[in-house]
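> Using only what follows, build the 3D model:
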Amino acid sequence: MDSGDAPENSNKRSDELTETLLACQSRILTLAEQHKGIVELEKLALKMVADVTSSEAAVVSEPAPAAPNASGQNPKPIPENKKVKQVLAAFLIASVTATALTTLSSEPSYADDLDSGVSFVDNFNSLDSIRWYISDGWANGDHQNCTWSKGATGISDDMLVLQFKQQTTADRNYACGEVQTYARFGYGVYEARIKTGSGSGLNAAFFTYIGPVHKKPHDEIDFEFLLKDTSKVQLNYYVGGSGGNEAFIPLEDTSDSGFNNYAFVWEPGQMHWYVNGNLVHQTSDTDVLPSNLQKIYFSLWGSDTFVDWMGPFSAPDEPVLMFVDRVAFTGFDEPCQFDGSVACNFEPAGN
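Below you'll find the predicted structure:
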């Protein structure tokens, strides 16, 4: 019976409720800007659990002592109002979790759906743990000679810094950095201000992706810097796992000599790529284009096997760095968010 719970069991239950809530909290908060009601409910649940675990909880009445338990101890009953709060907290947690899971399971598939992530600008004064997930502890396949590592990802001088560096991991000799958004985004303007390092066999990338790991088709839109040659950038996109849409664009200023502004605009039936505000490539009206909401990624990694594409791998003497000074997503129904943004002058088709 609940009234026979010992104080230590009551505290354990409260701790378990708190752990359950906190486990849900990070994922729920990633929906904060889209689902305000969930966040408010989550905050209420958190407060209820805090009240439950507080040693200062008031006692409304003192029920009669319960019978001794199997250990022979005579446990103190849980105060009635504390039991009610525990039940309410558990109910709120269940409600929050169910609401969040319903939201996730019903997340729209197509980029023009209104549930796309909202417009934002991130100047990387810090690494926002609600917006960004740091890849850590795995590699994307045998072709990758480094392990994603939190230790290869950080903030320096108000910039995101990704590293490729020598570091022994479980099965590889190098560590590398990647971040990805929790939210998925659709049609709009994607922009980043980036400076890369250099080195044969290395790849630095600003791209969007969704795929089988997310139980979706593989759609992707890329800026990829093959650091064997920093005088150009490779553009590409995938639809349902099919690529073959590469275009190599020469850069006036090499990607490792200073910061350049890279942007792509994704709209129904058309995509455009820009470097430093200049249109450098676009798709044709007959091309089949990505249609699924995608996450935003930045990554820096190496390969021993992709020699024809990335060049023969050459072990760097010191860490190779990728700097991201700013990233932004601007929906077509939103005003441009900073001076010089491609979104300030772009007019989507049909407007």
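> Now do the same contact list for residue 234.
Counting by CB atoms under 8 Å, 6 or more residues apart in numbering, residue 234 touches 222, 223, 224, 225, 226, 246, 247, 248, 249. The C-beta positions use only the backbone N, C-alpha and C, and glycine is treated the same way.
> make that residue 235, sorry
222, 223, 224, 245, 246, 247, 248, 249, 264, 273, 280, 281.
> what residue ranges in the stretch 201-350 of the chain are flagged as low confidence?
Low-confidence segments of the stretch 201-350 of the chain (pLDDT under 70): 350.
> still on that earlier bit, may I ask which of the contacts of residue 234 has the most neighbours?
Most neighbours among the contacts of residue 234, by other CB atoms under 10 Å: residue 225, with 28 neighbours.
> which SS state does it fall under?
Using DSSP: H, G, I helix; E, B strand; the rest coil, the structure places residue 225 in strand.
> That one contacts residue 196, doesn't it?
Yes - counting by CB atoms under 8 Å, residue 196 is a contact partner of residue 225 at 4.9 Å.
> what bridges to the closest residue to residue 132 other than its chain neighbours?
Leaving aside its sequence neighbours, residue 132 sits nearest to residue 179 (CB to CB, 6 or more residues apart in numbering; 4.7 Å). Beta bridges link residue 179 to residue 134, residue 298 when assigned by DSSP bridges.
> Can you give me the distance of residue 179 to residue 190?
Distance, residue 179 to residue 190, by CB to CB, to the nearest Å: 15 Å.
> out of those two, which sits in the busier spot?
Higher neighbour count among residue 179 and residue 190: residue 190, with 24 against 21, using other CB under 10 Å.
> what about the more buried one, which helix or strand?
Taking DSSP states H and E as the criterion, residue 190 maps to strand 188-195.
> buried set for that strand?
188, 189, 190, 191, 192, 193, 194, 195 (16 or more other CB atoms under 10 Å).
> Now do the residue nearest to the fourth one when sequence neighbours are not counted: how many residues are near it, please.
I take that to be residue 191. Once flanking residues are discounted, residue 191 sits nearest to residue 263: 4.2 Å by CB to CB, 6+ apart. Other residues lying near residue 263 total 26 when counted by other CB under 10 Å.
> Quick check, residue 263 in contact with residue 193.
No - in this structure, residue 263 is not within contact of residue 193 by CB under 8 Å, at 9.7 Å.
> Can you tell me how far the residue nearest to residue 132 is from residue 337?
Residue 179 is 20 Å from residue 337, by CB to CB.
> One more: residue 329?
9 Å.
> Kindly confirm my reading that residue 343 forms part of a helix.
Yes - looking at residue 343 with three-state DSSP, it is inside a helix.
> Tell me who's in contact with it.
Counting by CB under 8 Å, 6+ apart, residue 343 has contacts 188, 189, 191, 328, 330, 334, 335, 336, 337.
> Apply 6 Å and report the result again.
Residues in contact with residue 343 (CB atoms under 6 Å, 6 or more residues apart in numbering) are 189, 330, 336.
> and the residues you listed as JSON lines, adding distance to residue 119?
Below are the contacts of residue 343 laid out as JSON lines (distance: CB to CB, whole Å):
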{"residue": "189", "distance to residue 119": "9"}
{"residue": "330", "distance to residue 119": "5"}
{"residue": "336", "distance to residue 119": "10"}
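> Having no further points to raise, I will conclude here.
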